[in-house]
Every structure is written in C-alpha cells, then in structure tokens.
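Trainee: just to be clear, the model below is a prediction. Sequence and coordinates:
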Amino acid sequence: MTDAPPFQSELRARANCGVGAVVDLQGRASHQILLDALQVLERLDHRGARGAEENTGDGAGVMLQKPDAFFRRELGDLPVADAYAVAQLFLSSDPHQRQTLREHIEATVTQWGFTALGWRDVPTCNEGLGHGALDTEPRVQQLFVSHAEGLTRSALDRHCYVLRLALDKAVAELPGAQDFHICSLDRRRIVYKGLLTNPQLRRYYPDLSDPAVVTALALAHSRFSTNTLGSWARAHPHRVIVHNGEINTYRANFNRLRDREADLDHPQIGAALRRLRPLVATGVNDTELLDAAIELLMAGGRSLEHALRMLIPEAWQNDHAMDPARRDWYDYHANLIEPWDGPALVVGSDGERVVAVLDRNGFRPCRYDITHDGRLILAIEVGVLDQPAADIRERARLGPGQMLVVDPAAGGLLDAAALQQRFRSDHYAEWLAQRPKLAAFAPPRAREQTPHVPDLESRQRAAGYTWEVLEHLLRPLAEDGKDPVGAMGDDAPPAVLSRAPRNVYSYFKQLFAQVSNPPIDYVRERLVTSL
C-alpha cells in the first residue's frame with residue numbers, strides 16, 4: 001500500500017472531534033483526575049476546529065462530578081449532596097434581559113415544585129478570546145435547587161429532567177432567549193464548556209483550577225464540526241454524552257422520536273411530559289438529538305448503558321454465534337426503537353459510571369489504558385497523558401460494536417461476563433414469543449407465474465427507466481449478482497428540482513453525511529449492516 005498524499009494524512013489526523021475521559025475505577029475523587037482530563041483535552045488540540053480567527057475555537061468542554069465541598073465553601077448552607085441539584089446556565093450578557101430571564105426561571109422553578117436555594121456567578125476570564133467568541137459570549141451562572149417535597153436520588157433526577165424541559169419552554173419567547181442554554185441541571189454532574197479552543201478552557205473557568213474541585217471522573221471534548229457551525233451551546237459535553245462522529249439516520253430518528261411522544265407515559269412524570277411536548281426542539285443537531293433521547297430513556301428508569309445499547313446496538317441480526325439471550329435482548333428492543341446509525345464513538349456518564357460504545361462498523365477509534373493505581377485513561381488517540389509504561393497494567397481498544405462500562409460500585413471496569421449479565425433476561429424470550437407474526441394475517445396464495453406484460457417498453461419509460469439504467473444498473477445486478485461500479489459523484493439535481501422526469505424512488509433518498517468510501521455493501525457486509 002502506498003503512502004497517502006500529505007494533505008490526506010493531515011485530514012485524517014484532524015478531521016473529527018477529540019474525545020477523552022479519565023476515571024478512577026474505585027470512585028476516589030481527587031483534583032488530579034480533573035487536571036489529567038484537562039491535559040488530555042489540551043493534547044487533543046489538533047482535533048478542535050478553528051475558523052479564520054486562530055483564537056476562536058469550535059468548542060471545548062469538560063464534564064465532572066458535582067464538587068459538593070467546593071459549593072458548600074462558596075454558598076454556605078446546602079442540603080445533603082443527594083438532595084440538591086446545580087444548573088449550569090448560559091444567560092444573556094445584557095443585564096436587563098438577564099434579570100428578566102432570572103425572574104422567569106425562579107417562577108418556573110417554584111411552579112414545578114422546586115425551591116431556588118441561590119445563585120452563583122461563575123468566574124470567567126475572556127482574555128485572549130477571538131471576536132467570534134466574544135461577540136456571542138453569554139454570562140455563566142449557577143442556580144442551586146432542591147425539591148419542595150424533599151426528593152432525593154432517582155426521584156430528584158426525574159423531576160430535574162422535567163424542570164429542565166420546563167425552563168427551556170418558559171423562556172423561549174423572552175428577550176435574550178437566544179443566549180439561554182442549560183449546560184447541565186443535575187444532582188451528580190456539572191458541565192463547563194464554551195466556544196473555546198482546548199487550551200482556553202482551563203483559563204476561561206478558574207473554578208477548574210481550584211484544588212477544592214474534586215471528581216472521580218471527567219469527560220473532555222474538543223469539537224470539530226462536520227455539519228453545523230460552532231456556538232457556545234453546541235460545544236460538548238452535552239448533558240449526558242460526548243460524541244465523535246455523525247448520526248447518519250438523523251432525520252428518521254427525529255421524526256420517529258416525535259411520533260412516539262404521544263405514547264410516552266410514566267407513573268411519576270407522565271402527566272408532566274404530556275404538558276411539555278414536544279420534548280425535543282426542531283433544529284437541534286445530531287449529537288443534541290442523541291443526547292436528548294438518552295436523557296429521556298434514563299428519566300424513564302433505564303440505566304445509561306441500557307439506553308446507549310438500545311440506540312447503538314451491536315451487529316446482531318446475522319451473528320449466529322451470539323448468545324441467544326443477548327440476541328433476544330436486541331430483538332426485543334428493536335421493536336421499541338430503531339438504531340441510531342453512523343460512524344460514532346459515544347462516551348457518557350450518569351455522574352457515577354462512565355460508558356463508552358462504538359458503532360457496529362468500528363469507524364471511530366477508541367483506545368484506553370488501565371494503570372496500576374486504578375485509573376482508566378480513554379481517548380481517541382494514544383499518548384494523551386505522560387504515563388510511564390511501567391505504570392500501565394492493561395492497554396486495549398474498543399472494537400466494532402463493543403461497549404465499555406466503568407462502574408466503581410460494581411468493582412470498576414466490568415468484564416465481558418459481568419456486562420453480559422446486564423443485557424440478558426428470560427423475560428425477553430417470553431415477550432418475543434407473544435409477538436404476532438405477519439404471516440398469520442396474510443391469506444394463503446397459490447404460486448403465481450410471472451405475468452406477461454404487454455407493451456413493456458412503454459411502461460418502463462412511463463416509470464422513468466432509461467436504457468442506461470437497464471443496461472448498466474439492473475442487468476449486472478440480475479445476471480451477476482454484483483453491484484455495478486462507476487465513477488464517484490452525482491451531479492444530477494435533486495429530483496424535486498429536476499426538469500427531467502425522475503424515478504419515484506429518487507424522491508426518497510436519505511439525507512445524511514457520506515462518510516464511507518467505498519460504499520457499504522449490505523449483502524457482503526451483512527454481519528455489520530442491516531436493512
């Protein structure tokens with residue numbers, strides 16, 4: 001194989017986001033975990049995009065555990081850690097608009113059964129930021145809330161999800177709403193991010209350098225936009241995940257998620273969800289949509305790994321060596337929701353555990369080291385931390401469709417057997433056995449011969465078939481069972497804009513990012529693809 005031209009090598013080295021995570025496998029919180037994650041982020045600076053301004057980035061950020069002791073030092077009296085949540089907010093830089101937003105936010109907090117415990121101005125330093133970032137810079141503030149009924153843990157989490165939806169809708173029409181964004185509103189997690197380059201993040205948020213800010217896990221992300229422009233709100237991490245890749249099935253996923261909203265219910269928050277529909281706003285990008293879907297599934301009671309595995313499944317349909325119980329798990333959930341497909345590495349955290357999953361084709365890299373002192377260092381590249389080789393106990397990478405789960409309460413990094421137990425149950429086989437078969441509804445039919453079609457050529461012309469299509473596309477498929485090979489590219493206009501008659505199916509092409517070269521063959525690569 002010949003070496004790629006220099007510009008191709010440069011593109012491959014830079015043309016997707018930077019993702020990293022540092023986790024203590026025993027759940028021991030320290031400031032060093034955060035410092036290591038920031039170093040990982042800065043080592044991935046070449047993965048972050050810049051425009052014409054070298055000092056305006058496409059977005060950088062970090063997710064960490066809520067630093068309870070730090071907040072108690074800053075605010076004084078707070079409820080126990082599991083009884084309050086922190087909202088990290090972007091607000092308007094205009095003081096009058098910001099005051100109006102805060103008043104509506106506090107009114108909404110009270111309306112939905114919460115108590116506002118106080119506000120905190122997040123210290124920031126915008127020295128050195130480019131004009132693109134400065135012109136849209138929001139005011140970053142934190143709001144501390146508890147539930148009026150004293151809810152804690154998972155019950156508080158569910159109602160925080162409802163409150164987040166309610167806040168988005170409450171301020172949507174207010175002046176300054178275009179600057180409003182909820183980076184995180186959670187009992188266990190907090191997100192610091194912005195329209196920044198990787199090295200700027202640490203300087204912009206002095207909180208991140210305070211030794212009192214301790215965490216047992218940290219997720220870092222450097223954004224390289226492929227289909228949307230950068231903004232303060234679109235920087236990662238989102239509320240649950242960081243993501244490297246594209247969700248090619250975005251349009252179908254969005255439409256089907258909206259379709260299902262009418263059927264959503266939950267014994268505790270079902271009525272609230274019905275009041276707050278639509279749950280996902282129009283115009284979000286693919287990562288924001290995926291993050292919203294995971295949030296919704298987790299609010300319904302599913303674990304993070306359960307939700308991610310539902311949305312990004314392994315290639316299971318044609319893997320006959322797969323454990324039957326695991327196949328039943330995938331088969332059952334395929335009836336509930338379709339795969340969110342595309343080249344993707346997704347890493348998420350619920351504030352206690354960290355989960356990483358790779359798409360079934362393995363189109364994105366994910367490497368990790370486990371050290372003797374019990375840390376996991378994960379990134380899309382090696383060499384993100386200066387780690388002596390003698391300190392590394394294990395070095396590995398995620399393969400196509402594989403999942404990694406770090407659960408300190410269950411002993412750290414789960415092995416294959418422990419992970420398998422989380423995705424198997426006899427109930428799935430029982431439920432699948434009750435699934436109606438389409439064949440039961442079809443009337444019996446006698447074997448039919450291929451009918452003679454009079455004036456076939458006129459019918460083919462009416463349907464839009466040309467001699468070129470018949471000879472160069474259909475004939476090779478019929479005679480050889482092979483896809484015809486031709487030049488890359490298609491300069492024909494979209495069917496709806498074409499002046500020439502087009503086939504009916506030309507109006508139904510999926511809109512997605514073309515990222516595979518050569519194209520995926522659904523027949524020969526059936527192990528990792530599904531129609």
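Mentor: Received the coordinates, thanks.
Trainee: which positions in stretch 132-140 come out as buried?
Mentor: Of the residues in stretch 132-140, 132-133, 136-140 count as buried by neighbour count, 16 or more other CB atoms under 10 Å. Heads up, the C-betas are built off the backbone N, CA and C, glycines and all.
Trainee: among those residues, name the ones in strands.
Mentor: Mapping those onto strands (DSSP state E) picks out 139-140.
Trainee: could you dump the buried residues of stretch 132-140 into TSV with pLDDT and distance to L414 added?
Mentor: Listed next are the buried residues of stretch 132-140 as TSV, based on pLDDT from 0 to 100; distance: CB to CB, whole Å:
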residue	pLDDT	distance to L414
G132	92	42
A133	94	40
T136	95	41
E137	96	41
P138	97	39
R139	97	41
V140	98	36
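Trainee: quick check: domain ranges of this structure?
Mentor: 13-432, 458-531 (automatic domain parsing).
Trainee: how far away from the center of its chain is the last one?
Mentor: Spelled out, that is domain 458-531. Put simply, domain 458-531 sits 31 Å off its chain's centre (CA atoms, centre = their mean, to the nearest Å).
Trainee: what do you get for stretch 454-469?
Mentor: For stretch 454-469, the distance to the chain centre is 45 Å (CA atoms, centre = their mean).
Trainee: using PDB, list the CA coordinates for that stretch.
Mentor: This file holds the C-alpha atoms of stretch 454-469, laid out as PDB (Å, rounded to 0.1, in the frame of the first residue of the first chain):
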ATOM      1  CA  PRO A 454     -47.900  -6.100 -22.900                       C
ATOM      2  CA  ASP A 455     -46.100  -3.000 -24.200                       C
ATOM      3  CA  LEU A 456     -43.300  -3.400 -21.500                       C
ATOM      4  CA  GLU A 457     -41.100  -0.700 -23.100                       C
ATOM      5  CA  SER A 458     -43.800   2.000 -22.800                       C
ATOM      6  CA  ARG A 459     -44.400   1.100 -19.200                       C
ATOM      7  CA  GLN A 460     -40.700   1.300 -18.400                       C
ATOM      8  CA  ARG A 461     -40.500   4.700 -20.000                       C
ATOM      9  CA  ALA A 462     -43.500   5.900 -18.000                       C
ATOM     10  CA  ALA A 463     -41.900   4.700 -14.800                       C
ATOM     11  CA  GLY A 464     -38.700   6.600 -15.600                       C
ATOM     12  CA  TYR A 465     -36.400   3.800 -16.600                       C
ATOM     13  CA  THR A 466     -33.800   4.500 -19.300                       C
ATOM     14  CA  TRP A 467     -31.600   2.300 -21.400                       C
ATOM     15  CA  GLU A 468     -28.700   3.300 -19.300                       C
ATOM     16  CA  VAL A 469     -30.400   2.200 -16.000                       C
END
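Trainee: contacts made by it with the rest, please.
Mentor: 453, 470, 501-504, 506 (CB atoms under 8 Å, 6 or more residues apart in numbering).
Trainee: wait, which of the residues you listed is closest to W119?
Mentor: Set against W119, the nearest of those by CB to CB is S506 (55.2 Å).
Trainee: now L134, nearest residue through space, not along the chain?
Mentor: Excluding the flanking residues, the one nearest L134 by CB to CB, 6 or more residues apart in numbering is N126, at 6.2 Å.
Trainee: an error on my part: the question was meant for I105.
Mentor: I105's closest residue in space is L167 (CB to CB, 6+ apart), at 6.1 Å.
Trainee: where's H452, which helix or strand?
Mentor: Using DSSP states H and E, H452 sits in no helix or strand.
Trainee: take the contacts of stretch 454-469 and lay them out in a markdown table including neighbour count, pLDDT and secondary structure.
Mentor: Formatted as a markdown table, the contacts of stretch 454-469 follow (neighbours: other CB atoms under 10 Å; pLDDT from 0 to 100; DSSP: H, G, I helix; E, B strand; the rest coil):
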| residue | neighbour count | pLDDT | secondary structure |
| --- | --- | --- | --- |
| V453 | 10 | 82 | coil |
| L470 | 13 | 89 | helix |
| P501 | 12 | 77 | coil |
| R502 | 16 | 80 | coil |
| N503 | 13 | 79 | coil |
| V504 | 9 | 81 | helix |
| S506 | 14 | 81 | helix |
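Trainee: which of the residues you listed lies closest to S93?
Mentor: S506 (47.7 Å).
Trainee: go ahead and confirm the closest one touches A495.
Mentor: Yes. Between S506 and A495 there is a contact at 4.0 Å, judged by CB atoms under 8 Å.
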